[in-house]
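Q: Sequence and predicted structure, then a few things I'm wondering about:
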Amino acid sequence: MLHKIFFILLIGSNFLNAQSSTGYVEYDYSVIHVVNYTTKSVLKFDSEKSVFRTFRNESMNDTTLTLIPSKGSDRSYLMRNDSGKKPIYFLDKKKNMLISKIWSFKKNYLLTEDIPKIPWKIKQEFKTLDGLHCQKAEGYFRGRTYVVWFTPDIPINLGPWKLQGLPGLIVDAQDSQGIFFYRATKIKLNADVTLDIPTFDKAVSLKTFITEIKPKKMEEINSRLNAQLDRSITIESSVIDRSSLKEMQYEWEDN
């Protein structure tokens, strides 16, 4: 059931111009998987930049546990992973850059990539969501198909997380497997927003992090675990299962 959208338009229809727009959108973000939860997300934007962040669900523990199986043994080991530091996504249209600020391996990383070009297929399906005329679109992005509803009433090509590039604000989105859900609950236009984009000289590319930094860090963790285990047990590798992640496959990887 769609949440009712609290929509505020402070000046007339002439405001609805993507070149001069500022404001913010609040979303309910739900995950239905091994652990089900709902929390809040906020998208802030102006004509050139946007910032999207998700807030920690206070009902969840500060840490989550990742189960790592031991090869050749029925024993498993638990690794703690801080879940209190949620990623923040910065989009800079002028520089065609998307920066993700993530917490991983006990430190912050700034990961850069070009703004993703999602191959959206706009459908001739329409509905009204709390007074907003919306149209359906589907797009495949990094291993998942997303079904979204965007509103041409607000011609801003933004949306939650990395979902963007449509001729209107995305107000409702979910993946086709029914794991991830975003639903706009409040939209405020012409609001004063502060958008601080991190400096690029402190960043590494997303590809470098996925293909070089992350595997190296995982090997270091394996080595430390092996040093603490019985000699008859060896962890050779810890393959990360991406089935619960939004990004299951990257464009530089083989199909």
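A: Thanks, I have the structure now. Not measured: the values here are computed from a predicted model.

Q: where do the strands sit along the stretch 1-150 of the chain?
A: When secondary structure is read from DSSP state E, counting those that start in this stretch, the stretch 1-150 of the chain shows strands at 6-8, 23-31, 37-45, 49-54, 63-69, 76-82, 88-92, 97-104, 107-114, 121-129, 132-141, 144-151.

Q: Rebuild those as JSON lines, extending it with distance to residue 157, mean neighbour count and mean pLDDT.
A: C-beta: built from backbone N, CA, C; applies to glycine. Conversion of these to JSON lines gives the following (distance: least, CB to CB, whole Å; neighbours: other CB atoms under 10 Å; pLDDT from 0 to 100):
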{"stretch": "strand 6-8", "distance to residue 157": "18", "mean neighbour count": "14", "mean pLDDT": "56"}
{"stretch": "strand 23-31", "distance to residue 157": "13", "mean neighbour count": "20", "mean pLDDT": "94"}
{"stretch": "strand 37-45", "distance to residue 157": "10", "mean neighbour count": "18", "mean pLDDT": "93"}
{"stretch": "strand 49-54", "distance to residue 157": "10", "mean neighbour count": "20", "mean pLDDT": "95"}
{"stretch": "strand 63-69", "distance to residue 157": "34", "mean neighbour count": "13", "mean pLDDT": "40"}
{"stretch": "strand 76-82", "distance to residue 157": "33", "mean neighbour count": "12", "mean pLDDT": "39"}
{"stretch": "strand 88-92", "distance to residue 157": "10", "mean neighbour count": "19", "mean pLDDT": "95"}
{"stretch": "strand 97-104", "distance to residue 157": "13", "mean neighbour count": "18", "mean pLDDT": "92"}
{"stretch": "strand 107-114", "distance to residue 157": "15", "mean neighbour count": "16", "mean pLDDT": "93"}
{"stretch": "strand 121-129", "distance to residue 157": "12", "mean neighbour count": "12", "mean pLDDT": "96"}
{"stretch": "strand 132-141", "distance to residue 157": "12", "mean neighbour count": "18", "mean pLDDT": "97"}
{"stretch": "strand 144-151", "distance to residue 157": "9", "mean neighbour count": "21", "mean pLDDT": "98"}
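
Q: among those, which is nearest residue 168?
A: Each of the strands of the stretch 1-150 of the chain has some distance to residue 168 by CB to CB; the shortest is strand 144-151, at 4.1 Å.

Q: Which strands or helices does the closest one pack on?
A: Contacts of strand 144-151 with other secondary structure elements, assessed using 3 or more CB pairs under 8 Å, 6 or more residues apart in numbering; DSSP states H and E, are made with strand 121-129, strand 132-141, strand 169-175.

Q: Looking at those strands, which is nearest to residue 206?
A: In terms of CB to CB, the element of these nearest to residue 206 is strand 132-141, at 13.5 Å.

Q: one step back: kindly reformat the strands of the stretch 1-150 of the chain as TSV and extend each row with distance to residue 211.
A: Rendered in TSV, the data for these read as follows (distance: least, CB to CB, whole Å):
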stretch	distance to residue 211
strand 6-8	42
strand 23-31	26
strand 37-45	28
strand 49-54	25
strand 63-69	21
strand 76-82	20
strand 88-92	20
strand 97-104	14
strand 107-114	12
strand 121-129	30
strand 132-141	19
strand 144-151	20
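
Q: Looking at these, which is nearest to residue 194?
A: Nearest to residue 194 among the strands of the stretch 1-150 of the chain is strand 37-45; the distance by CB to CB comes to 7.8 Å.

Q: can you give me how far that closest one is from the chain middle?
A: The chain centroid and the centroid of strand 37-45 are separated by 10 Å under CA atoms, centre = their mean, to the nearest Å.
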